[in-house]
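Undergrad: Sequence plus predicted model, see below.
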Amino acid sequence: IVAAGPSLDKNVEELRNVSANSTVLIVGTVFRKFLKEKIPFDYVIMTDGTVGVYPQIQGLEQENKPLFLLATCYYKVAKDYQGERYLIFQKAYKKSEQYAREKEYETFETGGSVLTTAVEVAISLGAKQVVLVGADLAFSGGTSHSKGTAEVHHIETMECEQIQGLDGAVFTSNQLNIYRKWIEQRIVREKNVKFYNATEGGAIIKGMKNVKLSEVVK
């Protein structure tokens, strides 16, 4: 699972070496970056319900990469994108649960973010190992996202909370910290799945083994 955290810039090139028996799921924020840099991947996932998510596929509507969409994702994404689209029906949302029941579809926990939803999807679809890349869940280097995405912002860390990171203390937001805790609580319930954090920066996610992406790829 590839998120858009600043530390992605450290090891994104290693993703070119991922074996064919692995599945690479990227968040929509890095969709354009991966296409431009010709980095291979298998699926894209998008969850944001606001119009602000639309630029992630604008101009890329004809791409043929399969797209996972939360049922409440901004409607024009599903309407305009021409590749394969798969809906994720979330738990704890009445309309989504009702529709899923009527169609006998599975429902998923989401955790509130695209990264947490991706983790849930990977677990629920039977992944034996889940590897996170670019999942800083913190403002590594005082920035919000990986270079080459439209979301990069400089962060005034004076207003942030400090937590334990892979390379010492890191700054994060309350919301990002909630996502981190959700992942920790979610993965502890899985006894037969191995979890690796190959982000190489950002916050520590308890329950995940911290590794270099190059080691995982080998």
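TA: Everything's here; your move. Residues are numbered from 1 along each chain as shown.

Undergrad: Which residues belonging to the top helix by length along the chain are considered buried?
TA: Counting by DSSP state H, the longest helix found in the chain is helix 174-187. Buried positions in helix 174-187, judged by neighbour count with 16 or more other C-beta atoms under 10 Å: 176-177, 179-180, 182-183, 186-187. For glycine as for every other residue, the C-beta is placed from the backbone atoms N, C-alpha and C.

Undergrad: do the same with stretch 125-140
TA: 127, 130-140.

Undergrad: That one - what's its average pLDDT?
TA: For stretch 125-140, the mean per-residue pLDDT is 95.

Undergrad: tell me the mean pLDDT for the longest helix of the chain?
TA: The average pLDDT within helix 174-187 is 96.

Undergrad: Show me what it is in contact with.
TA: Helix 174-187 has contacts (C-beta atoms under 8 Å, 6 or more residues apart in numbering) with 109, 111-113, 115-116, 119-120, 123, 130, 137-138, 161, 163, 172, 193, 195, 203, 205-208.

Undergrad: So which of these sit within helices?
TA: The members of these that map onto helices under DSSP H are 115-116, 119-120, 123.

Undergrad: From these, pick the one nearest residue 11.
TA: Nearest to residue 11 among the ones in helices among the contacts of helix 174-187 is residue 115, at 16.8 Å by C-beta to C-beta.

Undergrad: so what's that closest one up against?
TA: 1, 3, 27, 132, 135, 137, 179, 183.

Undergrad: cutoff 10 Å now
TA: 1-5, 27, 45, 47, 132, 134-135, 137, 176, 179-180, 182-183 (C-beta atoms under 10 Å, 6 or more residues apart in numbering).

Undergrad: And the pLDDT at it?
TA: So, for residue 115, pLDDT stands at 98.

Undergrad: Okay, it and residue 25: tell me how far apart.
TA: Distance, residue 115 to residue 25, using C-beta to C-beta, to the nearest Å: 10 Å.

Undergrad: Among the buried residues of stretch 125-140, which lie within strands?
TA: 130-132 (DSSP state E).

Undergrad: Make JSON lines from those and add distance to residue 80 to it.
TA: Formatted as JSON lines, these follow (distance: C-beta to C-beta, whole Å):
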{"residue": "130", "distance to residue 80": "30"}
{"residue": "131", "distance to residue 80": "31"}
{"residue": "132", "distance to residue 80": "29"}
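
Undergrad: Just the CA atoms of the longest helix of the chain, as CSV, please.
TA: Taking Å, rounded to 0.1, in the frame of the first residue of the first chain, the C-alpha atoms of helix 174-187 are listed here in CSV:
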residue,chain,number,x,y,z
ASN,A,174,-4.5,15.2,15.7
GLN,A,175,-6.3,13.7,12.7
LEU,A,176,-3.2,11.8,11.4
ASN,A,177,-2.6,10.5,14.9
ILE,A,178,-6.1,9.2,15.0
TYR,A,179,-5.5,7.3,11.8
ARG,A,180,-2.2,5.9,13.2
LYS,A,181,-4.0,4.6,16.3
TRP,A,182,-6.8,3.1,14.2
ILE,A,183,-4.3,1.1,12.1
GLU,A,184,-2.6,-0.1,15.3
GLN,A,185,-5.9,-1.3,16.8
ARG,A,186,-7.0,-2.9,13.5
ILE,A,187,-3.9,-4.9,12.8
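
Undergrad: and that helix, how far out from the chain's middle?
TA: How far helix 174-187 lies from its chain's middle: 13 Å, per C-alpha atoms, centre = their mean, to the nearest Å.
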